[in-house]
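**Q** here is the input, now give the coordinates:
(2 chains)
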Amino acid sequence: MVNEEESIRMTGSEMTVRLLEEQGVKHVFSYPGGVVIPLFDAFYRLDHDITQIEPCHEQGGVHAADGYARASGKVGVAITTSGPGATNAVTGIANAYLDSVPLVVITGQVVRSLLGKDSFQEVDVTSVTSQISKHNFLVTDPSMLSATIREAFRIARSGRPGPVVVDIPKDIFASEIVYHPKDMSNNFDHKPKARRDALVRAAEFINNAKKPVIYAGGGVIKSDAAKELTEFAKKTGIPVANSLMGLGSIDRDDPLSLGLVGMHGSQECNLAVINSDTLIAVGTRFSDRVTGNINEFMRDKKIIHIDIDPTEFEKNVATNVHLMADAKDVLTQLTNLVDEADHSDWLRQIREWPLPERSSDEYCPKNIIEHINKRYEDARVVTEVGQHQMWIGQSWRFHYPGQFITSGGLGTMGFGMGASIGAQLADPDRDVLLFAGDGSFRMNCNELITVRRYDLPIRIFLFDNGALGMVRQWQKLFQDKRYAQTDLNKKHEVNYEKLAEACGISAYTVTSLEELDDVLDKTAGVREPMLVRCVIDHDEGVYPMVPAGNPIDELYYE
Amino acid sequence: MEHLTNHNKHRCLSLLVMNNAGVLSRISGLFSRRGYNIDALTVGTTEDEQISRITITVSGDDKVIEQIIKQLYKLVDVIKIVELEKGQAIRRELVYIKVKADDTNRNKIVAICNLFRANVVDVAPESLILEIVGPASKIDAFFEMIKPFGIIEFVRSGATGLQRGKRSVHESK
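**A** Numbering: from 1, shown residues only, chains lettered A, B, ... in the order given. Now for the predicted structure:
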């Protein structure tokens, strides 16, 4: 229990540890360096229950904090040193910003008297991160340290969540400050409530709709509204399309789930969305990857837009009603307001749209994924970025919110290695699968060392097509097969199995569904990290595909 | 020389912001990242030393202005934004114009200045510096009258202003 009466003199670094404890932080992803020596010393000396996880590179550390936040629903915390430590963290911060993930990133800074003098390992971190963070602070006064760190956590998780950077000069860590403990465990944020008139209008549109579709994004997962979304869909009989970030917000096995929409959406889902007369968008931002040609996307439909961030309204599409509020609250209220409905004709029409898929005994990504999926139905699924990510988005049967952890907005190759580390630490008993392409894997495979160091039983499925397959696919379709720099491993310059084994991680290679099943049999129940390299065809593509800027009902098949 | 103002497109936003380090770069960074154009920007202190007032003149239609205002409100340091609308607010700009002038035409220029209540603030054998304060329409008209004499250079402060009436920006909707 926190005694709010007492006040204790301590150093800034000791207080930083206490402030993280106050916030309920259990893991920090931290990498030491010159200016954060006092902070790490405080972690070393003090009695606390925070576990420090040391990545191989700060980028991996921030991605781990990101994966941790997505898997736990809490704020992820990363700590870096100044200069290169902070700039290495930049991609991780930008990734969390684009996907609205709550992080607090503490960067050490040179002592205040050396600020602005191009001192050793000095970078103006608040300037560098100002456009890729929700907010940032440079602490220039020791007496502001506690208020700043508490505010950073509040900002990170309030409203539309995001990363907050706190840049702390070394001498602030060393200065003596009076610490006033504060109980932060009941520190709930005020969430905006939807306006009644807008709710009533939205309900009217929904009740009058003939061909409605729900388009649900990551906001549904962030506001813990998956249950409410499903109840709303069931009462109204309206099918649900998901953006990449929204997968998991409704059980993929639910008859109303249409799966992924957009550039690599299925024919049934894309046609349902574009031909709908009423689109109910929840916690999503009409990304160009979803809408394709925006005018064609609009096609005489009424749009109801629900989001907690008012800047999303009218940013990419004009809407008929918008509801600025927490998705959980809006969906609960809307479910009460709308009539029960039957859209079976519309659903029947949608179900007539899918095209035949590849045969189930072919050794191809879709079937590889299905074989793995059958054995790991409830595993946390983390991906890197590229073709394998889209195959997972298309084929995995997601059952619960937060099951899918992927880099949506920024599309960060190399995200998955760190993110899977964070996801495993947040939820140690659950199976964590990392799907990677060989290109992404090369970006941050240094973190294999971290996986082994902390004995994290992550199962890595490496889809090895010897190519940067997604870019290669575009080159095939739009650059007349001029494959500029997208062929990998032509000289067999890397042996991925040996690379994993060098880090003490057992590795397997499979080239058929039978071999895959054998490996899955052999490794079932084994709680050890492993790498399963699935060799796939060099020219394997992601289909269907909608070329960028085209209407989403113009789908290309191979 | 492009100095004329298109009154329809130019809109004026008055912001109260926390006087924190980096607040100006956050705001200018937001404009550049989102592709909005700042036509003019002025910053100054307010009656509260922790708060600064920024006046930004931007071009754009209602949709663009609405999006700008919403994006600005997302910045943690931004406290309040009002649009200084024509009629509802006074908007003034300070301009200095260095104009060619000699014994043959100096009096003519001074006479124009008197008509516009502009001041002559520097006199040299071959030039004058003129100072004028006013709304964009008055300044544009003044430029039209002075241009034929030969403008050497000029500087405009950018618009600044306040809403009319008793209410302060804090009390505005």
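
**Q** what does the helix or strand harbouring A:Asn295 contact?
**A** Secondary-structure assignment from DSSP states H and E places A:Asn295 in helix A:294-298. By Cβ atoms under 8 Å, 6 or more residues apart in numbering or on different chains, the residues outside helix A:294-298 that reach it are A:273-274, A:286, A:288, A:291, A:316-318, A:551-553. The way it works is simple: take the backbone N, C-alpha and C, and place the C-beta from them, glycine included.

**Q** so which of those residues belong to strands?
**A** Nothing among those maps onto strands, per DSSP state E.

**Q** ok, of the residues you listed, which one's closest to A:Thr412?
**A** A:Thr412 lies nearest to A:Asp288 out of the contacts of helix A:294-298, by Cβ to Cβ, at 17.5 Å.

**Q** on the C-terminal side of the helix holding A:Asn295, identify the next helix or strand.
**A** Next along the chain after helix A:294-298, taking DSSP H and E as the criterion, comes strand A:302-307.

**Q** which stretches of chain A have low pLDDT?
**A** Low-confidence segments of chain A (pLDDT under 70): A:1-2, A:186-188, A:356.

**Q** around chain B, pick out the residues from it.
**A** A:126-127, A:130-131, A:134-135, A:138, A:140, A:155, A:309-311, A:313-315 (Cβ under 8 Å from any Cβ of the partner chain).

**Q** mind checking which of these are buried?
**A** Among those, those classed as buried by 16 or more other Cβ atoms under 10 Å in any protein chain shown are A:126, A:130, A:134-135, A:138, A:155, A:309-311, A:313, A:315.

**Q** looking at the residues you listed, which are in strands?
**A** Of these, the ones assigned to strands by DSSP E are A:135, A:138.

**Q** pick the one among the contacts of helix A:294-298 closest to chain B.
**A** Ranked by distance to chain B (Cβ to the nearest Cβ), the contacts of helix A:294-298 are led by A:Ala318 at 8.8 Å.

**Q** for the closest one, grab the count of nearby residues.
**A** Around A:Ala318 there are 11 other residues, counting by other Cβ atoms under 10 Å in any protein chain shown.

**Q** how about it, what does it touch?
**A** A:298, A:303.

**Q** look up phi and psi at it.
**A** Dihedral pair for A:Ala318: phi -80, psi 140, per degrees, to the nearest 10.

**Q** ok, back up a step: using CSV, write out every CA atom in the helix holding A:Asn295.
**A** C-alpha atoms of helix A:294-298 as CSV (Å, rounded to 0.1, in the frame of the first residue of the first chain):
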residue,chain,number,x,y,z
ILE,A,294,-11.5,6.7,-52.2
ASN,A,295,-14.3,7.9,-54.5
GLU,A,296,-15.1,4.4,-55.7
PHE,A,297,-15.0,3.3,-52.0
MET,A,298,-17.7,5.9,-51.1
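
**Q** buried residues, that helix. List them.
**A** By 16+ other Cβ under 10 Å, the buried positions in helix A:294-298 come out as A:Phe297.

**Q** can you say which of the contacts of helix A:294-298 are buried?
**A** A:273-274, A:286, A:291, A:316-317, A:551-553.

**Q** can you lay out the residues you listed as CSV showing distance to A:Ala484?
**A** Shown next, in CSV, are those (distance: Cβ to Cβ, whole Å):
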residue, distance to A:Ala484
A:Val273, 34
A:Ile274, 33
A:Phe286, 32
A:Thr291, 29
A:Asn316, 31
A:Val317, 35
A:Pro551, 29
A:Ile552, 28
A:Asp553, 31
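
**Q** tell me the two of those that are most distant?
**A** Checking those with Cβ to Cβ, the most distant pair is A:Asn316 and A:Asp553, at 18.5 Å.

**Q** could you find the closest non-adjacent residue to the closest residue to chain B within the stretch 301-450 of chain A?
**A** Closest residue of the stretch 301-450 of chain A to chain B, Cβ to the nearest Cβ: A:Thr311 (4.4 Å). Using Cβ to Cβ, 6 or more residues apart in numbering or on different chains and skipping residues adjacent in sequence, the residue nearest A:Thr311 is B:Lys70, 4.4 Å away.

**Q** and that neighbour, what element?
**A** Using DSSP H and E, B:Lys70 falls in helix B:62-74.

**Q** contacting residues for A:Leu531?
**A** A:Leu531 neighbours (Cβ under 8 Å, 6+ apart): A:448, A:460, A:462, A:496-497, A:500, A:505-508.

**Q** give me phi/psi at it?
**A** As for A:Leu531, its main-chain torsions (degrees, to the nearest 10) stand at phi -130, psi 130.

**Q** please name the nearest non-neighbouring residue to A:Ala198.
**A** Take A:Ala198 and drop its neighbours on the chain: the residue closest to it by Cβ to Cβ, 6+ apart is A:Leu323, 5.1 Å away.

**Q** and that neighbour, how many neighbours?
**A** The number of residues near A:Leu323, taken as other Cβ under 10 Å, comes to 28.

**Q** can you confirm it is in a strand?
**A** Yes: applying DSSP: H, G, I helix; E, B strand; the rest coil, one finds A:Leu323 inside a strand.

**Q** flag every buried residue along stretch B:49-69.
**A** Quick answer for stretch B:49-69 (16+ other Cβ under 10 Å): B:51-58, B:64-65, B:67-69.

**Q** which of the contacts of A:Leu531 are buried?
**A** Buried members of those, counted by 16+ other Cβ under 10 Å: A:448, A:460, A:462, A:496-497, A:500, A:505, A:507-508.

**Q** and after the helix holding B:Lys70, which helix or strand comes next?
**A** For helix B:62-74, the following helix or strand on the C-terminal side (DSSP H and E) is strand B:78-83.

**Q** for chain B, what spans make up the strands?
**A** All strands of chain B, identified by DSSP E, fall at B:10-18, B:38-45, B:51-59, B:78-83, B:89-100, B:119-124, B:127-134, B:151-156, B:160-163.
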